[in-house]
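Chemist: got a predicted structure here, sequence first:
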Amino acid sequence: MSLPKPEELARVSYQPPARGWMEVKPDFRPGTYCNAASPKWLEWIDYPYPRAWSVADEDWQLPENWKEIVLEGMEDRLARFRSLKLFFDICVRCGACADKCHFFLGTGDPKNMPVLRAELLRSVYKRYFTRLGKALGELVGARDLDESVIREWFFYLYQCTICRRCSVFCPYGIDMAEMTILGREMLASIGLNIDWALASVAQCYDKGSHIGATPQAFKDMIDFLAEENERITGIKTPVSYNRKGAEILFVTPSGDYFADPGTFTLMGYLLLFTYLDLDWTFSTYAAEGGNFGWFISHEMGKRLNAKIYHEAERLKVKWILGGECGHMWRICNQYMPTWYGQVPSFLEVPVSPITGTVFENARVHKMVHISEFTADLIRHNKLKLDPQRNAHIKLTFHDSCNTSRGMGIFEEPRYIIRNVLPEGHFFEMPPNTIREKTFCCGSSSGINANENMELRMQGGFPRANAVRYVHERYGVNHLGCICALDRATLPTLLQYWVPEVEVTGITELVGNALVFEGEIERTTDLRDRELVGVGEQEGGEEEE
Amino acid sequence: MNFAQRHITVALAAVLGLIAVAYVGVQGNLQLLFGVVVPYLALLLFFEGIIYRVIKWARSPVPFKIPTTAGQVKSLPWVPRTLGDKLDNPESKAWVIGRMALEVLAFRSLFRNTRTELVSDPKYPEKARLVHWSYKWLWLGAIAFHYAFLIIVLRHLRFFFEPTPQAIALLSEIDGFWQFFIPTFYLTDIIIVLALLYLLGRRLANANLRYLTLASDYFPLFLILGIVSTGILMRYFFKTDITAVKQLVMGLVSLKPVIPAGISPLFYVHLFLVCVLLAYFPYSKLLHAPGVFFSPTRNLPGNNRWELHVNPWNYPVKFHPYMEYEDQFRDAMYEAGIPVEKEPEAAVAEEE
Amino acid sequence: MADYKNEFGWFAPKPTVEKKIYSLKAVAVGLGIFLVVFGAPLLLNMGQVHPVPQPSLDTPAIQKLAEKERQCVEPTEWMRANHMQLLWDWREQVVRTGERYYTTSQGKKVLASLSNNCMECHSNKSQFCDQCHNYVAVAPNCWGCHLPKEQNVAKAEGK
């Protein structure tokens, strides 16, 4: 399977098929779907109906009573989630959400209009749970549940990245993300899962992080990055693991220690914490901030997330600091305290040990976002920063979907950016593609696999296209973000669409700019790239 | 017939059929049925249906506080938040009221609407560029329709109260400020027709909208168009004795129904379509009106991190507790110098 | 948690959702407002008796006429619904063409004039016109120019 050229992929046709949507069945073309989950992962996490199956198979080997399971599951979810009942009942199909979805814009498939994607589920609700639907059938958008419907759910619910862009524009706030998660729960209940997400979940459940690093491997990776810091900056950035009595437990997604360019952000964290002489510790057990579990079901999300408070309690830390991550922060913000069910009283209201700032906004949650933490430091003038060390970077900022529409953290990262970059090096993308209207990377919610690359490139097209715009116009060469999934997926996306632009975390820029006392002369950034001005005037700048 | 044609035809035929039923019925002297029985039945269905549906929604809890945050969250005191941020990401119930008011009264979210187009651009390597326009037509059409509808309903209150409240008379006067034609031409009459034609036209003209629109979407559009056009016909062209009409309506609302003479069949057609709309309301997408108040992405404050939200069915889940994890990796952790709760020897001893 | 398998009902007890109305207070307030607002016409009028307008034909001019000749320019039924249209047409006709006469559907020629024809018989505006106009809240702009006969009489009598 080879990936089409960008020029081919950008020729999107928005012409719907001639036949009605109930008759058109999904075309499982390689490159557009994720592989079926291996039974091994299901067994690890006690998930139902583990079996070896393949999406390309004629027979998906559904359990005999699959229909009953799905319908009972829907009834159960209707009883538990007012959102689902409501979203099924009140959509007027105005289509305001249609061209808001990056998958619709990228694929042109009308079933990727959120309204129609929701209709795939809604049609079953209407048929089995409403009188009008039972009586009038197709005319009110109701249809029988058969295997082809399940296939359709599987295809399209894994073409939604739970980014919530549609819900910003919906006049009633109907949230496709909510329906996607609940729909995926129903799919999981008959043993239909995707391998990429399930592998990550199982590994995280068992070992501590999505990448399945054992405690010793985790420590190795972090220690290696600390050594890298020392090599580049001459500064030792010691890390402690599972240290009881530390003030702060630091939790970050595994993307930050697994691969470039996330690792540079992690180096930034370490430099920052060392600079501040922070009393903090990593945990090898709660080693994952991200949460692929939530991409499959609310419950699996909770099963993974529960480790964080559990570990914080064991280590007797005062509060938790969270790294740069998108869906981690949506979960931390909108689910974590509710899942825990009460205020975690073993923790204290977070107070910055450097500035004394009390994070009143985390009074219940007891967890602070690294951008809030850093912005507060800069505000109080606690960091000596040399923006010139980022002079080779012309940045635009990608608001991650989850932190934008599931939390609302827009200003803090921008404040940091303005302080760590030289003046005039920061450019916003067009206003309809940032902040609450930001476009998804196209690969979130557990579909950042390799086998569905064509779909990922299509889904990321709107984002990449906006990046292309600022690249052409202002010569932007870096895309900043506060999301580890973005740092895992956007490099691939940009390599395909806008290869001139690289992806960077914000704390990486902080790490570049931090001026330590008695540091060796910095000639490169954390990526070993020469700084602007180095070699032209020997060491001149450092003496000032 | 393809999908779209089928759905359009059925909806249109249904409305035309309803018109015929009422017309024929009244010609056959079924005034009592169409003037008294059907309206009461429709009202019953309307109230019962709405209450039933609202309670049905309310019987499911809101397990998570999941507002769509469309503005800067309240964080550190110095982080700038505009009025828009405070309304689009409300920090408290008071601000939620503001957000909801804006949503319900001004269609805030629809006002955000954009239209994205793929335009070719030879300068780009991929030869194409997405352009995101601000696109307010849908908002304008929707708000024009809803407000015109509201004003028309309020104007009709002159048939429901005796004497007519001053405010209603005043509203009619303002609506008819142009003072041309007899009886006075109402601005809202033309607005609602144009808005309905726009709302219908966009569904027909846009291929993707046509693809997803169902008969149950066309039906209320045709139905309201039917109501509006019979109303306009009756007011301006085929007049009926409105004194008698008011007697009929007052009879209904005072629970002393009468069928005065001199009311034209056109009126009964108009009334019947209104009754159908009322009865259809709680069983259809028209539920968006009460529904928007329940929308968890709009009616909840974004304050999870400092105000605990309790899920009534929260239940303990099985997770991988630390001690099990340590049992799994103890030796390796110990070797790597990671602190453990139980040293390997102690753990072995315990097991024996 | 021994029997725990996963969240999907048939392996373990489903999470129980208590049967009750959640956010009862808000729902009750909302439904209350809905019922009061939408039910207002019923609530306020229920059981009440509203007098039906009785436009009075008791004027000296009409009384003078023989029973058989008490007939408007067009049939009463038609006039009830369409008199405003007739008056409007008369105004257009007289002002624009100067033609002061109107031929009725019975073929009779009558003076097309509110003051000098209609109000000859219907001199009792408050008892005739206003009865229905007030009832259905119609404010015709006739009286912007035309003086009601009643006022003329009142003026003449120096009241």
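Modeler: Everything's here; your move.

Chemist: may I see the buried residues of stretch B:129-140?
Modeler: By 16 or more other CB atoms under 10 Å in any protein chain shown, the buried positions in stretch B:129-140 come out as B:129, B:130, B:132, B:135, B:138, B:139, B:140. Heads up, the C-betas are built off the backbone N, CA and C, glycines and all.

Chemist: go on, stretch B:191-203?
Modeler: B:191, B:192, B:193, B:195, B:196, B:198, B:199, B:200, B:202, B:203.

Chemist: likewise stretch A:505-515?
Modeler: Under the neighbour-count criterion of 16+ other CB under 10 Å, stretch A:505-515 has A:505, A:506, A:507, A:508, A:509, A:510, A:511, A:512, A:513, A:514 buried.

Chemist: residues contacting it, please?
Modeler: The contact list for stretch A:505-515, computed with CB atoms under 8 Å, 6 or more residues apart in numbering or on different chains, reads A:229, A:256, A:261-262, A:264-265, A:267-272, A:275, A:323-324, A:370-371, A:374, A:383-387, A:389-390, A:393, A:395, A:413, A:416-417, A:419-421, A:480-482, A:484, A:487, A:525-526.

Chemist: do that again at 6 Å, thanks
Modeler: Contacts to stretch A:505-515, defined as CB atoms under 6 Å, 6 or more residues apart in numbering or on different chains, come from residues A:264-265, A:267-269, A:271-272, A:275, A:324, A:384-387, A:389-390, A:413, A:416, A:420, A:480, A:482, A:487, A:525-526.

Chemist: one more: stretch B:182-190?
Modeler: Contacts of stretch B:182-190 (CB under 6 Å, 6+ apart): B:148, B:151, B:152, B:175, B:176, B:178, B:232, C:84, C:88.

Chemist: redo these as CSV? Include secondary structure, pLDDT and distance to residue B:75.
Modeler: Output for those, formatted as CSV (DSSP: H, G, I helix; E, B strand; the rest coil; pLDDT from 0 to 100; distance: CB to CB, whole Å):
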residue, secondary structure, pLDDT, distance to residue B:75
B:148, helix, 97, 42
B:151, helix, 97, 43
B:152, helix, 97, 46
B:175, helix, 91, 47
B:176, coil, 88, 52
B:178, coil, 79, 52
B:232, helix, 95, 54
C:84, helix, 91, 64
C:88, helix, 90, 66
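
Chemist: please enumerate the strands of the stretch 251-400 of chain A.
Modeler: According to DSSP state E, counting those that start in this stretch, the stretch 251-400 of chain A carries its strands in the segments A:280-282, A:319-322, A:367-369, A:395-398.

Chemist: sheet partners, orientation included, of the second one?
Modeler: Same thing as strand A:319-322. Here strand A:319-322 is paired, per DSSP bridges, with strand A:248-251 (parallel), strand A:367-369 (parallel).

Chemist: mind giving me the packing neighbours of the strand or helix carrying residue A:206?
Modeler: Secondary structure assignment for residue A:206, by DSSP states H and E: helix A:195-207. When contacts are defined as 3 or more CB pairs under 6 Å, 6 or more residues apart in numbering or on different chains; DSSP states H and E, helix A:195-207 sits against helix A:39-44.

Chemist: what residues sit buried inside the helix it packs on?
Modeler: The neighbour-count check on helix A:39-44 (16+ other CB under 10 Å) flags A:39, A:41, A:42, A:44 as buried.

Chemist: next one: stretch B:319-326
Modeler: Using 16+ other CB under 10 Å as the test for burial, stretch B:319-326 gives B:319, B:320, B:322, B:325, B:326.

Chemist: how about that stretch and chain C, touching?
Modeler: No: residues of stretch B:319-326 contacting chain C under CB under 6 Å from any CB of the partner chain: none, with a closest distance of 10.3 Å.

Chemist: and the contacts of that stretch?
Modeler: Contact partners of stretch B:319-326, identified using CB under 6 Å, 6+ apart, comprise A:205, A:285, A:303, A:306, A:314, B:340, B:341.

Chemist: quick check, nearest of those residues to chain C?
Modeler: Nearest to chain C, judged by CB to the nearest CB, of the contacts of stretch B:319-326 is residue A:303 at 9.3 Å.

Chemist: is it possible to get TSV of the buried residues of stretch B:319-326 that adds distance to residue A:281 and secondary structure?
Modeler: Listed next are the buried residues of stretch B:319-326 as TSV, based on distance: CB to CB, whole Å; DSSP: H, G, I helix; E, B strand; the rest coil:
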residue	distance to residue A:281	secondary structure
B:319	21	coil
B:320	20	coil
B:322	14	helix
B:325	16	helix
B:326	16	helix
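
Chemist: now tabulate these in CSV and tack on pLDDT and distance to residue B:55.
Modeler: CSV is the format used below for the buried residues of stretch B:319-326 (pLDDT from 0 to 100; distance: CB to CB, whole Å):
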residue, pLDDT, distance to residue B:55
B:319, 89, 36
B:320, 92, 41
B:322, 95, 45
B:325, 94, 46
B:326, 95, 50
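
Chemist: ok, residue C:136 touching residue B:244?
Modeler: No: Residue C:136 lies out of contact with residue B:244 (CB atoms under 6 Å); the separation is 9.9 Å.

Chemist: so the two - more neighbours on which side?
Modeler: For residue C:136 versus residue B:244, neighbours defined as other CB atoms under 10 Å in any protein chain shown are more numerous around residue B:244 (22 against 18).

Chemist: phi first, then psi, for the more buried one.
Modeler: Per-residue torsions, residue B:244: phi -70, psi -40 (degrees, to the nearest 10).

Chemist: now it. Nearest residue, chain neighbours left out?
Modeler: Of all residues beyond its chain neighbours, the one nearest residue B:244 is residue B:260 (4.0 Å), with distances taken as CB to CB, 6 or more residues apart in numbering or on different chains.

Chemist: residues contacting that neighbour?
Modeler: Neighbour list for residue B:260: B:244, B:247, B:248 [criterion: CB under 6 Å, 6+ apart].

Chemist: what sits against the first one?
Modeler: Translated: residue B:244. Contacts of residue B:244 (CB under 6 Å, 6+ apart): B:260, B:262, B:263.

Chemist: let's go with 7 Å and repeat that
Modeler: Neighbour list for residue B:244: B:260, B:261, B:262, B:263 [criterion: CB atoms under 7 Å, 6 or more residues apart in numbering or on different chains].

Chemist: next one: the last one
Modeler: Listed by CB under 7 Å, 6+ apart, the contact set of residue B:248 reads B:35, B:258, B:259, B:260, B:263.

Chemist: surely the second one is in a strand?
Modeler: Spelled out, that is residue B:258. No: counting by DSSP: H, G, I helix; E, B strand; the rest coil, residue B:258 falls outside a strand, being coil.

Chemist: surely it and residue B:251 touch.
Modeler: Yes: using CB atoms under 7 Å, residue B:258 is in contact with residue B:251, at 4.0 Å.

Chemist: go ahead and flag the most central residue of chain C.
Modeler: By CA atoms, centre = their mean, chain C has its centre lying nearest to residue C:136, at 2.2 Å.

Chemist: that one and residue C:81, how far apart?
Modeler: 12 Å (CB to CB, to the nearest Å).

Chemist: repeat for residue A:85
Modeler: Residue A:85 sits 48 Å away from residue C:81, going by CB to CB.

Chemist: what does residue B:23 give?
Modeler: Distance, residue B:23 to residue C:81, by CB to CB: 18 Å.

Chemist: looking at the two, which one has more neighbours?
Modeler: Counting neighbours by other CB under 10 Å for residue B:23 and for residue C:81 shows that residue C:81 has the greater number, 20 against 16.

Chemist: quick one, grab the pLDDT at residue C:157.
Modeler: pLDDT, residue C:157: 54.

Chemist: that's a helix at residue B:116, yeah?
Modeler: No: Residue B:116 is assigned strand when assessed by three-state DSSP, not a helix.

Chemist: which secondary structure elements does the helix or strand that the helix holding residue A:206 is followed by contact?
Modeler: Using DSSP H and E, the helix or strand that directly follows helix A:195-207 along the chain is helix A:215-233. Counting contacts by 3 or more CB pairs under 7 Å, 6 or more residues apart in numbering or on different chains; DSSP states H and E, helix A:215-233 packs against helix A:255-258, helix A:262-276, helix B:322-336.
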